[in-house]
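In: quick one, structure for this:
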Amino acid sequence: MRSSISFCLAFLATLASASSSNGSTPVYKDATASVEDRVTDLLSRMTIEEKTAQLVQGDIRNWMNLDGGTINQTGLEWSMQNRAGSFYVGVAIPWKMLSDGIKAGQDYLVQNTTLGIPAWVQSEGIHGFLIPNATIFNSPIAHACSFNPPLVEKVARAIAQEARALGVNNIFGPLADLARELRFGRVEETFGEDGYLTGELAYAYVRGLQSGNVTAMVKHFAAFATPEQGINTAPVHGGERELRTTYLPPFKRAIIDGGALSIMSAYHSYDGVPSVADRHMLTEILRDEWGYKYFVISDAGATDRLCKDFKMCESDPIDSEAIVNYALPAGNDVEMGGGSFNFAKIPAMVESGKLSLDVVDQAVARQLRAKFEAGLFESPLTGVPEEEQSAQIHTPETVELARQIDAESVVLLENHGDILPLKRDASIAVIGPMAHGYINYGDYVPSGAQRRGVTPLDGIRAASSGAVTYALGCERWSADESGFGEAVSAAEGADVAIVIVGTWSRDQDELWAGLNATTGEHVDVHSLGLVGAMPHLVRAVIGTGTPTVVVYSSGKPVAEPWISGAAAALVQQFYPSEQGGHALADVLFGAVNPSGRLSVSFPHDVGTTPVYYDYLNSARAYPDPGAVAADGSLTFGHSYVLQSPQPLYEFGYGLSYSNFTYSDLTLSRATASPADTVTVSVSVTNTSPRDGAEVVQLYVQDVLSSVAVPNRQLRGFAKPFVRAGETATVAMDLAVADLGLWDMRMRYVVEPGEFVLHVGASSKDIRANATLTVVGA
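Out: Numbering: from 1, shown residues only. From the prediction side, this is the model:
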């Protein structure tokens, strides 16, 4: 087979050479030719060294001096000879310097190499393009609380606009990972615990990014975010049915339905098989079953882990040939930097017969196919002139969008006595380490970003007409309570106290320099409680008797259940945007009626996790919770002895300043086959005097099944804006084909029987239901 393929490629190369000598345009440069013809033609012209260069990521720092922006010509030439397929540019430098460095690299490839193959120019962008002074949006865990895919799509389109203005054409995002292990540091980067919601938002993000001609890279394929002990890159334990039922659907929605042109594999192993070498996931499922045609790249340094961490090959010296033979044939096509650049061994391995040329060609073809589909050959350089950059980056429109999605993402957890919204002329004491100074962004923001943005104190002062005082109270990273006196005095002199506490992450430089943090990549926790002096500060302020609003500014759920009853109100603002202070004030003062709903369940304690809502039938079957009362008295139970296995706040939960009732639930048909789509309709009435948006949620319960399935699963949602006293009719389409399961023989089947369709305001707060009977096809 190898010899026949080599003969065909040689023959095609001869034809291509003849074509060029006749002065005609090579097929691969002909934009009117089919993508497959262009791939075949270009592949036939490439040497093994040129092919290998397509499979190894480069870095702008290899040819640009970041101190002054000068170009190292030797480094440039070497990089484009050896690492030409893509290059990483996620560094905190001025716009013009970055744009010039990108242009130098892309121009060299197009103008000074034999074949002129443009590169992927790659950076981060899960909640904003990673460059100083670009628009910083709130973190993805917050986006998901908006339950607003069109708004997430607009955010992604804005990120694409800013990235493309400087020449970046490939963004590492979105994540389709699920936040089902809350100790894990990267919860903030996910769209929450639920596969359906995550799939819809990841799909929207892909569509938004790629509509702006920037290619999305869906990550981390797959089942990454549930590591043992919650520790980053640790093994994930699970079986084939869990993989297909829970972890893969959001990836399929983003990759196949969304049309993503690139994928990032992951650091972990699933069921003992490292992601970068998982042929079952990367080839049998992704390519053979789903039909994916484009490339997969490893995460930074992930291929080295095969030897260094998984102990599947010698690590000193590292066995690069073994790594290539594990990863490349499995379907991990491209090697990211950050490791030993093992794929550089490909030419020698092909020459010695240790690696099939067919395997290399297949990987290169996937890389080239994505580039042709993205139009890179027609538009290799997208950067705009320096004088136009400010019209594309951090515009008034993108800043306003940041405020809008942030406000829509704020979740009102408690509102005792309707203390919120606040009166604008009330005297307010703003207290806490997350209230002012250091902006509490999530990870993946550029160096120094935390010093730019609107703090909660800024936002409250701008919205208030009354007296606003501020007291730090304590540092976020300290147990020192010496500032409590000032905080207590401020609270005692105010009508209302607002205490802002939570978790914190770091910018990319600080995070990897090892500065303290409680969330972020490689920052995992054993407790979900507030750190250091923060819980004691909250207790001291509440103890003044002044009505106290507690705001959690965090990247994951905070487990301090006593605050829920002790505070006058409790608000969750997951890591904010640069407009986070204004967005929070919009909600606190009622300019925005809160419509955020939890994308992740809140446990009472880390010891009760996991608390995701879609547990399998038979879990949490005999609840007998105990409790420890505020006075220390004990009530003993069994599951758990002194706590509840149920969440404190469930997925989909959130309060509003309005009240909504549900009525007239109807199905377009009560009996359906797997080929049918059923429309679920319900009337939602706003019975309050305030206009507001309600998140209407549709859950499906399979009454009887041949294997254990989730007790219920989200299968639709809508967010109607309903004016005071009015009624809106909400319609949600449900494809019966999506009601299937993976049976005992691991076949996907939609089993005949009854399915209860629950409609409500959260996964627990069900307002109406109806039964759908599914019959055979």
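In: quick one, phi/psi of Val774?
Out: Backbone geometry at Val774, expressed as degrees, to the nearest 10, gives phi -100, psi 130.
In: from Leu667, how far out is the spatially closest residue to it that is not a sequence neighbour?
Out: Distances taken as C-beta to C-beta, 6 or more residues apart in numbering place Pro752 nearest to Val774, at 5.5 Å, with adjacent residues excluded. C-beta: built from backbone N, CA, C; applies to glycine. Here the criterion is C-beta to C-beta, to the nearest Å. By it, Pro752 lies 17 Å from Leu667.
In: between these two, which one's more packed in?
Out: Leu667 (16 against 13; other C-beta atoms under 10 Å).
In: and the helices in the stretch 151-300 of the chain, which stretches?
Out: 195-211, 240-242, 248-252, 279 (DSSP state H, counting those that start in this stretch).
In: can you redo those helices as CSV with mean neighbour count and mean pLDDT?
Out: CSV is the format used below for these (neighbours: other C-beta atoms under 10 Å; pLDDT from 0 to 100):
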stretch, mean neighbour count, mean pLDDT
helix 195-211, 25, 98
helix 240-242, 16, 98
helix 248-252, 24, 98
helix 279, 16, 98
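In: dump the ones you listed to a markdown table, plus distance to Tyr653.
Out: Listed next are these as a markdown table, based on distance: least, C-beta to C-beta, whole Å:
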| stretch | distance to Tyr653 |
| --- | --- |
| helix 195-211 | 13 |
| helix 240-242 | 25 |
| helix 248-252 | 21 |
| helix 279 | 41 |
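In: mind checking which of these is nearest Leu422?
Out: Among these, helix 195-211 comes nearest to Leu422, with 30.5 Å by C-beta to C-beta.
In: in terms of secondary structure, what does the closest one contact?
Out: Packing partners of helix 195-211 (3 or more C-beta pairs under 8 Å, 6 or more residues apart in numbering; DSSP states H and E): helix 140-145, helix 149-165, strand 215-221, helix 248-252, strand 713-718.
In: ok but Glu122 is inside a helix, no?
Out: I think there's a mix-up here, since residue 122 is Gln and not Glu. No: counting by DSSP: H, G, I helix; E, B strand; the rest coil, one finds Gln122 to be strand, located in no helix.
In: ok, it touching Tyr88?
Out: Yes: contact criterion C-beta atoms under 8 Å: Gln122 and Tyr88 qualify, at 5.1 Å.
In: between the two, which is the more surrounded one?
Out: In terms of neighbours (other C-beta under 10 Å), Gln122 is the more surrounded of Gln122 and Tyr88; the figures are 26 against 23.
In: what sits against the more buried one?
Out: Counting by C-beta atoms under 8 Å, 6 or more residues apart in numbering, Gln122 touches Gln57, Ser86, Phe87, Tyr88, Val89, Gly90, Val168, Asn170, Ile171, Phe172, Met217.
In: was I right to think the second one contacts Val121?
Out: Meaning Ser86. Yes: using C-beta under 8 Å, Ser86 makes contact with Val121 at a distance of 7.4 Å.
In: tally of neighbours for Arg747?
Out: 9.
In: likewise for Val364?
Out: Look at Val364: counted by other C-beta under 10 Å, it has 26 neighbours.
In: got a list of what it touches?
Out: Going by C-beta under 8 Å, 6+ apart, Val364 touches Leu43, Met46, Lys51, Gln54, Leu55, Asp333.
In: highest neighbour count among these?
Out: Among the contacts of Val364, the one with the most neighbours (other C-beta under 10 Å) is Asp333, at 29 neighbours.
In: show me what contacts that residue?
Out: Contacts here follow C-beta under 8 Å, 6+ apart; on that basis Asp333 touches Leu55, Phe295, Val296, Ile297, Gln362, Ala363, Val364, Arg366, Gln367.
In: out of Ser86 and Val121, which sits in the busier spot?
Out: Per other C-beta under 10 Å, whichever of Ser86 and Val121 has more neighbours is Val121, with 31 against 27.
In: what about Thr677, how many neighbours?
Out: The tally of other residues near Thr677 (other C-beta under 10 Å) stands at 13.
In: how about the contacts of Val364, which pair is most distant?
Out: Within the contacts of Val364, Met46 and Asp333 form the most distant pair, 14.8 Å apart (C-beta to C-beta).
In: and the nearest residue to Val682 once chain neighbours are set aside, which of the three is it?
Out: Excluding the flanking residues, the one nearest Val682 by C-beta to C-beta, 6+ apart is Leu665, at 4.7 Å. Following three-state DSSP, the label given to Leu665 is strand.
In: quick one: pLDDT of Leu665?
Out: Predicted confidence (pLDDT) for Leu665: 98.
In: so how far is Ala728 from it?
Out: Per C-beta to C-beta, Leu665 is found 14 Å from Ala728.
In: try Met336
Out: 47 Å.
In: quick one: which of those two has more around it?
Out: When Met336 is set against Ala728 and neighbours are counted by other C-beta under 10 Å, the residue ahead is Met336, at 25 against 18.
In: touching, that one and Ser298? I think so.
Out: Yes: with contact defined as C-beta under 8 Å, Met336 counts as touching Ser298 (5.0 Å).
In: shared neighbours of these two, anything?
Out: The contact sets of Met336 and Ser298 overlap at Met264 (C-beta under 8 Å, 6+ apart).
In: contact partners for Ser211?
Out: Ser211 sits next to Glu153, Arg157, Ala160 when contact means C-beta under 8 Å, 6+ apart.
In: so where's this protein uncertain?
Out: Counting by pLDDT under 70, the chain contains low-confidence ranges at 1-23, 777.
In: re the thing from before, out of the contacts of Asp333, which is nearest to Lys345?
Out: Taking these together and measuring to Lys345 by C-beta to C-beta, the closest member is Leu55, at 11.0 Å.
In: picking up where we left off before, mind putting the contacts of Ser211 in a markdown table, distance to Thr635 and neighbour count included?
Out: Below are the contacts of Ser211 laid out as a markdown table (distance: C-beta to C-beta, whole Å; neighbours: other C-beta atoms under 10 Å):
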| residue | distance to Thr635 | neighbour count |
| --- | --- | --- |
| Glu153 | 48 | 19 |
| Arg157 | 53 | 20 |
| Ala160 | 54 | 25 |
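In: tally up the residues packed near the residue nearest to Val682, please.
Out: 17.
In: does it touch Leu772 like I think?
Out: No: when contacts are counted by C-beta under 8 Å, Leu665 is not listed as touching Leu772 (11.6 Å).
In: adjacent strands (with direction) for the helix or strand harbouring Leu570?
Out: Per DSSP states H and E, Leu570 falls inside strand 569-574. Here strand 569-574 is paired, per DSSP bridges, with strand 411-415 (antiparallel), strand 548-554 (parallel).
In: buried stuff in it?
Out: For strand 569-574, the neighbour count (16 or more other C-beta atoms under 10 Å) marks Ala569, Leu570, Val571, Gln572, Gln573, Phe574 as buried.
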